[in-house]
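Visitor: Based on what follows, work out the 3D shape:
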Amino acid sequence: MEINKIMLPVDGSEHSMRAAEYALEFAEMVKSEILITHSHRPFPVTLGEPYFQRAINKIMDKSNKLLEPYKEMFEKSDVEFMERIIEGTPGEVIPRIAEIESCDMIIMGSRGCTDLEGLLLGSVTHRVLSSAPCPVLVIR
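Guide: Model (predicted):
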């Protein structure tokens, strides 16, 4: 089995950072690239201009700041990586993007920054496990 592309969904949580550290080591070992993704809440379409654009700018600024520590970590390594900021509910968009991007594996934290978490696994992790098109490695 070849693992050429690993998807790393991040949300700024401690679990997410541990998953990133693991994904970095794993990618170095198997010589694969990393796709760092962050999904944000949908844009508020009911706002008119200029408030709509301000809301978009605020969400995108927050998303870019959230990605910074992950990008810095990967820039210090020899692992090729790219990042994507995606609009939508993480549990729904992560499997969809993994399929579109032809990811061979998803590495993610067991819990994140969401408001609603399951008893053993985070609700996002649980949804991804049940609908991902590829293997999912959950890091505690």
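
Visitor: Now residue 80: closest residue in space that isn't a chain neighbour?
Guide: residue 33 (4.2 Å; Cβ to Cβ, 6 or more residues apart in numbering). Yep, even glycine has a C-beta here, placed from its N, CA and C like the rest.

Visitor: Also residue 22?
Guide: residue 139 (5.0 Å).

Visitor: how much space between that neighbour and residue 19?
Guide: 4 Å (Cβ to Cβ, to the nearest Å).

Visitor: Mutual contacts of the two, please.
Guide: 107, 108, 109 (Cβ atoms under 8 Å, 6 or more residues apart in numbering).

Visitor: most neighbours, which of these?
Guide: residue 108 (30 neighbours; other Cβ atoms under 10 Å).

Visitor: How is it assigned, secondary-structure-wise?
Guide: Classification of residue 108 using DSSP: H, G, I helix; E, B strand; the rest coil returns strand.
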